[in-house]
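Enquirer: no FASTA, just this:
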């Protein structure tokens, strides 16, 4: 039975590495899988997905995938979407339609909450619709589970206001436990 999966975690929880490993597992079994990312995500190039540990693969953009016709979708064995938090609620509904109408599993990887601790619209919709939800874990500098995404300035101080989307990696974000996120403590 095909399912809509949402695998989320804070920054640095290996979401992209997991997406790329899932893709590899399908390819290794001779399956037709497609890797998709939102158009807004251009950190590693327009049509490339790359994990922090160096795994990478070519992908297509969401705007391209949305143009797939029914016959093209039917040929797929799985759809994998990285950085899914940047998709709209309507986009998530379309992904759920792929599962329900074509019986194709859809694996979504992304952040649950933004740097202000609020749900991204795409993530919120996935929390409402996903058949399976799994948290991929990482740790705070203190050793506790990190489930918060803190945006930091050039001095390592937490930024509490700003646009919801600001592309960056370790230079702009740090994963923290809720306690240290609330305290604004990014290091010992």
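Expert: Yes, it's here. Values in this document were obtained by computation on a predicted structure and should not be read as measured data.

Enquirer: what bridges to the spatially most central residue of the chain?
Expert: Nearest to the geometric centre of the chain sits residue 110, at 1.8 Å (C-alpha atoms, centre = their mean). With DSSP bridges applied, the residues forming beta bridges to residue 110 are residue 8.

Enquirer: residue 175 too?
Expert: Residues in beta-bridge contact with residue 175 (DSSP bridges): residue 149.

Enquirer: and what of residue 34?
Expert: residue 79.

Enquirer: residue contacts, it?
Expert: 60, 65, 76, 78-80 (C-beta atoms under 8 Å, 6 or more residues apart in numbering). Every residue, glycine included, has its C-beta placed from N, CA and C.

Enquirer: can you name every helix or strand that the lowest-mean-pLDDT helix or strand in the chain contacts?
Expert: Sorting the helices and strands of the chain by mean pLDDT, DSSP states H and E puts strand 158-159 at the bottom, at a mean of 78. Contact here means 3 or more C-beta pairs under 8 Å, 6 or more residues apart in numbering; DSSP states H and E; on that basis strand 158-159 packs against strand 148-152.

Enquirer: distance from the strand it packs on to the middle of the chain?
Expert: 16 Å (C-alpha atoms, centre = their mean, to the nearest Å).

Enquirer: which outside residues touch the least confident helix or strand of the chain?
Expert: By C-beta under 8 Å, 6+ apart, strand 158-159 touches 115, 150-153, 181, 184, 186.
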